[in-house]
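Asks: my questions are about this predicted structure, shown below with the sequence.
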Amino acid sequence: MDIRELKLFLKLAETLHYARTSQVMAISPSALSRTVQRLEDEVGDKLFERDNRSVTLTPAGLHFRDYAKDVLERWNLLQETIAGESDIISGELTVYSSVTGCYEVLPPILKSLRDKYPDIHIHLITGSVNDAFSLASEGSADIVISAEPDNLPPTLEFFPIISTPMVFIAPSSESPLEIDITKETFDCSETPMILPNKSIFRKRIDEWFYEKGVKPLIYSEVSGNEAILAMSRLGFGIGIIPKVVVEHSLFSSDIAVVETDMKPFDIGLLIQKRRLSNPIVKAFLTVVKEVKQRG
């Protein structure tokens, strides 16, 4: 068994969901199943019980989870120790980001990192913004691109990079809605709305509606800002998403955009505080600072 397999196991042990684990960890469901089978063969016992409705850890799986956590803690400590003793900073850095973060935040950072620290290898995982906070909290990724949480846990540090307002979006051409979001008569309580089903963004949206005394007419609650944009473009309802998502969408020319007076979101890096001493993480943060200074 290797470190990657232990990370996959721990993620599955947390989610107890093969499809979600596959998506978050950027691996096919069949490859994940084969990994679990290999681990079970090496351990000599079943780690998960699985039926059509649920996935649960077996007693052996519970013991192996403790073992896997201990190994990964020791592995991270070993990497930090070796990197600290070497003049050359090298090793692997796991970065998690949404697709929008890959377009907007990461390109100048990764380019500078490659130029300055060619021996650092990036393992980039893309997925939903809904998973960003949990991945940072549990340490499944070293660096997580995320919106700043309103209540940051004491175990995490946030480093802002950009700021983006929240905007209403609607089809710019004719649609079944026949609603013009630029008019003052636009009413969220009478207009079908498409909102995130959870996430940092949904919490602030709900608070904003509450402060205005508005009960929105919710047509659909979906996972991911890109999904909200796609449904709104097709005329299913009016969406609320970060403006940066629209700016990097292939459909930006098909979308009408109106900024809300909601507090903008800072987008940046979520990192566990205990990892800030890691030389590879320090190198990444140095590059981020240099990129920000260059504008």
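Replies: Perfect, I can see it now.
Asks: so where's the stretch 51-200 of the chain uncertain?
Replies: 80, 83-87, 174-177 (pLDDT under 70).
Asks: show me where it has strands.
Replies: 55-57, 91-97, 120-126, 143-147, 156-164, 166-171, 192-196 (DSSP state E, counting those that start in this stretch).
Asks: domain ranges for the chain?
Replies: Segmentation of the chain into domains, based on automatic domain parsing, reads 1-85, 88-162+266-295, 166-263.
Asks: how far off centre is the longest one?
Replies: Put plainly, it is domain 88-162+266-295. 11 Å (Cα atoms, centre = their mean, to the nearest Å).
Asks: first-to-last residue distance for that domain?
Replies: 28 Å (Cα to Cα, to the nearest Å).
Asks: same deal with stretch 8-22?
Replies: Using Cα to Cα, the two ends of stretch 8-22 sit 9 Å apart.
Asks: now it: how far from the chain's centre is it?
Replies: Worked out by Cα atoms, centre = their mean, stretch 8-22 lies 15 Å from the chain centre.
Asks: hey, where'd the helices end up in the stretch 151-295 of the chain?
Replies: In the stretch 151-295 of the chain, helices defined by DSSP state H, counting those that start in this stretch lie at 200-211, 225-233, 243-247, 279-294, listed in chain order.
Asks: may I see those organised as CSV, with mean neighbour count added?
Replies: All C-beta spots, glycine's among them, are computed from the backbone N, C-alpha and C. Output for those, formatted as CSV (neighbours: other Cβ atoms under 10 Å):
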stretch, mean neighbour count
helix 200-211, 16
helix 225-233, 22
helix 243-247, 20
helix 279-294, 17
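Asks: show me which helix runs longest in the chain.
Replies: Longest helix in the chain by number of residues (criterion: DSSP state H): helix 59-85.
Asks: tell me which other helices or strands it touches.
Replies: When contacts are defined as 3 or more Cβ pairs under 8 Å, 6 or more residues apart in numbering; DSSP states H and E, helix 59-85 packs onto helix 3-15, helix 29-43, strand 91-97, helix 279-294.
Asks: got the angle between the second one and helix 59-85?
Replies: Angle between the axes of helix 29-43 and helix 59-85 is 100 degrees (criterion: axes from the mean of the first three to the mean of the last three Cα atoms, to 10 degrees).
Asks: buried residues, the helix or strand just after helix 29-43. List them.
Replies: Per DSSP states H and E, the first helix or strand lying C-terminal to helix 29-43 is strand 48-50. Residues F48 are the ones in strand 48-50 that count as buried (16 or more other Cβ atoms under 10 Å).
Asks: now for I89, how many residues are close by?
Replies: By other Cβ atoms under 10 Å, 19 other residues sit near I89.
Asks: that one and K282, how far apart?
Replies: Remark: distance between I89 and K282 (Cβ to Cβ, to the nearest Å) = 8 Å.
Asks: please apply the same query to N225.
Replies: The value you get for N225 to K282, if Cβ to Cβ is used, is 31 Å.
Asks: how about A26?
Replies: For A26, the distance to K282 - Cβ to Cβ - is 25 Å.
Asks: could you do A227 as well?
Replies: Applying Cβ to Cβ to A227 and K282 gives a distance of 36 Å.
Asks: quick one: contacts for the residue lying farthest from the centre of the chain?
Replies: What lies farthest from the middle of the chain is T185; by Cα atoms, centre = their mean that is 35.4 Å. For T185, no residue meets the contact criterion (Cβ atoms under 8 Å, 6 or more residues apart in numbering).
Asks: leaving out chain neighbours, which residue sits closest to the spatially most central residue of the chain?
Replies: Most central in the chain under Cα atoms, centre = their mean is A132, positioned 3.0 Å from the mean C-alpha point. Spatial nearest neighbour of A132, chain neighbours left out: S146 (3.9 Å); criterion: Cβ to Cβ, 6 or more residues apart in numbering.
Asks: give the contact list for the one you found.
Replies: V129, A132, F133, A136, F158, I200, I267, G268, L269, L270.
Asks: so how far is L250 from the third one?
Replies: Counting by Cβ to Cβ, the gap from F133 to L250 is 27 Å.
Asks: cool, the fifth one as well?
Replies: Plainly put, F158 is 30 Å away from L250 if you go by Cβ to Cβ.
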